[in-house]
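Enquirer: structure of the sequence below:
(4 chains)
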There are 2 protein chains.
Amino acid sequence: MLMDPHLLTTFVAVARHGSFSAAAAELGYTQSAISQQIAALEADLGLALLSRRPVEPTPAGRRLLEHAGPLLLRLRAARADVLRAAAAPRHRLRLAATPLAVNAVVAGRLARARAAQPRLEVTLATCARDQVGALVAEGQADLGLADGIAAPSDPLRLPDTGPMTTAGVNEEDLAVALPADHPLAGRAALRLEDLVDARWLQTPLCPLARLRDLVGDGFPVAMEYQGDDVHTVVNLVGAGHGLTLLPVSVLPAASASGPARGVPLASPRLVHRVELLHGALPPGAADLARALSA
Amino acid sequence: MLMDPHLLTTFVAVARHGSFSAAAAELGYTQSAISQQIAALEADLGLALLSRRPVEPTPAGRRLLEHAGPLLLRLRAARADVLRAAAAPRHRLRLAATPLAVNAVVAGRLARARAAQPRLEVTLATCARDQVGALVAEGQADLGLADGIAAPSDPLRLPDTGPMTTAGVNEEDLAVALPADHPLAGRAALRLEDLVDARWLQTPLCPLARLRDLVGDGFPVAMEYQGDDVHTVVNLVGAGHGLTLLPVSVLPAASASGPARGVPLASPRLVHRVELLHGALPPGAADLARALSA
DNA sequence: AGGGTCCATCAGCATTGCTTATAGCAGATA
DNA sequence: TATCTGCTATAAGCAATGCTGATGGACCCT
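Expert: Numbers count the residues shown, from 1 in each chain, chains lettered A, B, ... in the order given. From the prediction side, this is the model:
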């Protein structure tokens, strides 16, 4: 029959802890119950999912762990979405956004929406690109705003967390961020293909894997910054730690001041795209979603 | 706690039948058991999912139905994948492919793989693009081959059915398929933007929604063919029922004979792309997957 | 009014899932 | 080597769950 998500949750906890007893403590069961649950799951599938002494996932168990995370997330998402669909209109809405998603256009639309709905209360939280979907799916945010690098009008590829609506919000040209005194800083435009062997800054704001997807191999990592503060990224670029792509509105042009310059990207044809995503929307949130969409 | 997939399965059946009794008959339970299962699910979520007399989903219930399908599929996929990961090598492999995915390149690679593994037995089944993932995920096929229209090197957007590996197999230029006596049939190349208002044939092989995604509004449906036989599509085009896009290898060029002509597509820059997808692979299937990949 | 269909509810019974107790194993230490 | 500790597996007991069968009420049709 269908795999029991309850057993799956136990399995994930045991694998994470590498211990039946520790998982039992976390889940609020006895070690014996955990042992029986794992035995039940193994009996259901007809194979061992964990070795014992040490308690480690077998290859099949590792495979199941890859499925378990998204599966359990989707179960939580289904519950959250159903509850949301049945919820009464609310005036307090939670927005989860990636740092670059809340640009001037979005902020302006948000202001207009709030002017149109004076009782609207908005909480805005920043999160990573691959967390937006999960936060919305699980009901921890009502609306999500995600950004990324894409071809014009090409929807972003976000992790799938279940049936959700996405809408394009805004697109903006991209610029190569360079130190102010870089030899290329005065150029009118740049091509990514000519920068394949330059030194690049790896950041969540512009993952180099994305550039490799779009252009091909290359883009060596001179430095990695794991945070997502735009200001920090700009300063790291300005200090010569590596190049990155950012929306043109973030960077001063060649004639202005600041540690870094933005030179427009001419090829390939790419934009910084912002998208809105949401599940079921009660009337109050639907108005905001409409206002934010393009 | 976590929603019970067993209850979810019952809910889906009841909603489909619009009747507790009919669902009970299908699932092999009594009406009473079904009534209690639905009551348990509604109690868990704290709201009504179905109206009674008539038995129809409430708005919240409809929302849950959107989640239920993919969720239950993923549960089946997880089981199938785990079993596959633990399976012994097999020589009998099942391939699920969309009609246009098995082109000469793929067929040639398959032949070479079979020459290298003389004991290999391959069953090839044709299916729709949005079924490939599900067939592979659920363990009804070991490998999937899907095709679609994409920008060069851009992965296809297939429905997500869980953790699966995809690999590019082959890309080929696209051509606009026209009747042999069409005024544009002798052209050296065509632009999609110039054909926005032409009459188009809607087929699963070239969904017009995809063209609208890529280019914008337009592409009126002169006729719809719901089957996926390439030969039929070519003949419908030749008889003037509407235009479509097909890989250049499928269509005769302007100088050859046949009911339809293929004029290369010059803009936007698009290709016919074939991708391989699979879950866990035992050694036997891994060799075939490697041979099929680019 | 009578009959049939359908869903809700109750009672009874088998199965499931938990706790407690115990056994066995492995590793560390004196 | 003997002892202790920590850990997992297993058995027994009990409460909860999930099913069947019976019954009642509502609705529809003749």
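Enquirer: tell me the secondary structure for the closest residue to A:D130 other than its chain neighbours?
Expert: Sequence neighbours aside, A:P159 is the residue nearest to A:D130 in space, at 5.5 Å (criterion: CB to CB, 6 or more residues apart in numbering or on different chains). All C-beta spots, glycine's among them, are computed from the backbone N, C-alpha and C. With DSSP: H, G, I helix; E, B strand; the rest coil as the basis, A:P159 sits in coil.
Enquirer: confidence score at A:P159?
Expert: A:P159 carries a pLDDT value of 90.
Enquirer: residues in contact with it?
Expert: With contacts defined as CB atoms under 8 Å, 6 or more residues apart in numbering or on different chains, A:P159 is in contact with A:70, A:130, A:133-134.
Enquirer: so how many other residues sit close to A:P220?
Expert: As a burial measure, A:P220 scores 13 neighbours (other CB atoms under 10 Å in any protein chain shown).
Enquirer: what ranges do the strands span in chain A?
Expert: For chain A, the strands defined by DSSP state E cover A:50-51, A:56-57, A:92-97, A:121-126, A:143-150, A:165-179, A:190-191, A:200-202, A:221-224, A:244-247, A:260-267, A:271-278.
Enquirer: before we move on, the earlier item: most neighbours among the contacts of A:P159, please name it.
Expert: Of all the contacts of A:P159, the highest neighbour tally under other CB under 10 Å goes to A:G133, namely 25 neighbours.
Enquirer: against DNA strand C, how distant is that one?
Expert: Separation of A:G133 from DNA strand C (CB to the nearest atom of the strand, to the nearest Å): 30 Å.
Enquirer: try A:V248
Expert: For A:V248, the distance to DNA strand C (CB to the nearest atom of the strand) stands at 56 Å.
Enquirer: that residue contacts A:V176, correct?
Expert: No: A:V248 is beyond contact range of A:V176, at 10.1 Å (criterion: CB atoms under 8 Å).
Enquirer: sorry, back to before: and DNA strand D, which of the strands of chain A is closest to it?
Expert: When those are compared by CB to the nearest atom of the strand, strand A:50-51 sits nearest DNA strand D, at 7.5 Å.
Enquirer: in contact with A:V263, which residues?
Expert: Contact analysis of A:V263 by CB under 8 Å, 6+ apart lists A:175-176, A:178, A:184-185, A:187-190, A:254.
Enquirer: now with 7 Å, please.
Expert: Counting by CB atoms under 7 Å, 6 or more residues apart in numbering or on different chains, A:V263 makes contact with A:175-176, A:178, A:184-185, A:187, A:189-190, A:254.
Enquirer: kindly report the same for A:G61.
Expert: Applying CB under 7 Å, 6+ apart, the residues contacting A:G61 are A:15, A:49-50.
Enquirer: thinking again about what came up before, quick check, nearest of the contacts of A:P159 to A:P283?
Expert: The closest of those to A:P283 turns out to be A:G133 (CB to CB; 23.1 Å).
Enquirer: before we move on, the earlier item: more crowded one of A:V248 and A:V176?
Expert: The neighbour count for A:V248 versus A:V176, taken as other CB under 10 Å, is higher for A:V176 (28 against 18).
Enquirer: ok, that one touching A:A266?
Expert: No: in this structure A:V176 lies outside contact range of A:A266 using CB atoms under 7 Å: 9.7 Å.
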